[in-house]
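Undergrad: how would this look folded up:
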Amino acid sequence: ANYRSYGQRIGVDLESAPWRALEPEISALVFADYFENHRSLDGYNMAQAAREGLWRLSRILVNGGTNGLSDYLSYVGSLEAA
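TA: Numbers count the residues shown, from 1 in each chain. This next block holds a predicted model:
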């Protein structure tokens, strides 16, 4: 269902070709859509959390917990430095 819904929103048939979600351009589009539209129970979305620098919260919004938080923070740091 995720491949279908995200694929429709970004205009790529991910349901028939799910491996395309691994392509950098496609994964960036999926991430951007998720980042803007996925909301937690309290109404926060990832874009709001990021604007406020709430990286731990944004990680929880992604996977429901803090699994991989140190790697995530490392990636965020690299992006912020770029």
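Undergrad: which other helices and strands contact the strand or helix carrying S74?
TA: Using DSSP states H and E, the secondary-structure element containing S74 is helix 69-81. For helix 69-81, the contact count by 3 or more Cβ pairs under 8 Å, 6 or more residues apart in numbering; DSSP states H and E identifies helix 55-63 as packing neighbours. From N, CA and C alone the C-beta is placed, and that goes for glycine too.
Undergrad: Show me what counts as buried in stretch 31-44.
TA: Of the residues in stretch 31-44, those buried under the neighbour-count criterion (16 or more other Cβ atoms under 10 Å) are Y34, F35, Y44.
Undergrad: quick check, nearest of the residues you listed to Y72?
TA: The shortest separation between Y72 and any of those is 13.1 Å, and it belongs to F35 (by Cβ to Cβ).
Undergrad: Find me the pLDDT at that closest one, would you?
TA: Reading off the confidence values, F35 has pLDDT 78.
Undergrad: what about the residue sitting nearest the centre point of the chain, distance to I60?
TA: Ranked by distance to the mean C-alpha position of the chain (Cα atoms, centre = their mean), the top residue is F31 at 3.8 Å. In this view, F31 and I60 are 16 Å apart by Cβ to Cβ, to the nearest Å.
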